[in-house]
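**Student:** 3D, please:
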Amino acid sequence: MRDAMPTMRSVMTPFPQVVEPTVTAGAARALMTAQRIHHLPVVAAGGFLGVATATVLAGVPASQPVGELALTPAVEVPMSMPLDRVLDELAARRLDVAVAFKDERVAGIFTLVDACRRFAVFLRQVYPGGPHGDSAA
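**Tutor:** Numbering: from 1, shown residues only. Have a look, this model is predicted:
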């Protein structure tokens, strides 16, 4: 018998680095490089604004504030949301990042890359012998 469905809390990267909208694209790129991340939640006093991505930041002047960019939207979820529902939301909205909140603050992040890594682990557990009958003739 399998364990219970994982929740956002169990798969997210907790306490991700966040920036304010006044941070420059250059500073955000440097932070992403140093932290080896590709998604950076942008928050202001009014709350979550979106996610600055490495792709968006690559094409803008270093001096431009991230708050002026077309930030990537994210699926906003509670930490207790079951993972299948998080994935359904990502697919339905065609987004690649989910952000979890606790007390109106960013508590975690889960990306499409994270989902692929977890799915690869799952497949290895379900099919420990590797591929069978998968000839590419």
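**Student:** I figured Q17 hits L31, correct?
**Tutor:** Yes. The criterion here is C-beta atoms under 8 Å, and Q17 meets it with L31 at 6.3 Å. For every residue, glycine as well, the C-beta is placed using N, CA and C.
**Student:** Please enumerate the shared neighbours of those two.
**Tutor:** Taking C-beta atoms under 8 Å, 6 or more residues apart in numbering as the criterion, Q17 and L31 both touch I37, L40.
**Student:** For I37, grab the count of nearby residues.
**Tutor:** Applying other C-beta atoms under 10 Å, we find 16 other residues in the vicinity of I37.
**Student:** Can you tell me, leaving aside adjacent residues, what's nearest to it?
**Tutor:** Of all residues not flanking I37 in the chain, Q17 sits nearest, at 6.8 Å (C-beta to C-beta, 6 or more residues apart in numbering).
**Student:** gap between the one you found and P82?
**Tutor:** Noted for Q17: a distance of 26 Å to P82, by C-beta to C-beta, to the nearest Å.
**Student:** Same check on F119?
**Tutor:** Counting by C-beta to C-beta, the gap from F119 to P82 is 16 Å.
**Student:** more crowded one of these two?
**Tutor:** Just comparing F119 and P82: by other C-beta under 10 Å the higher neighbour count belongs to P82, 15 against 11.
**Student:** Who does the most centrally placed residue in the chain form a beta bridge with?
**Tutor:** The residue lying closest to the centre of the chain (C-alpha atoms, centre = their mean) is T111, at 2.9 Å. Applying DSSP bridges to T111 yields these beta-bridge partners: V97.
**Student:** Begin at 418 from now on, thanks
**Tutor:** OK, 418 is where the count begins now, so the last one is T528.
**Student:** quick one: contacts for V492?
**Tutor:** Counting by C-beta under 8 Å, 6+ apart, V492 touches V503, E506, L507, R510, L512, V514, A515, V516.
**Student:** Much appreciated, bye for now.
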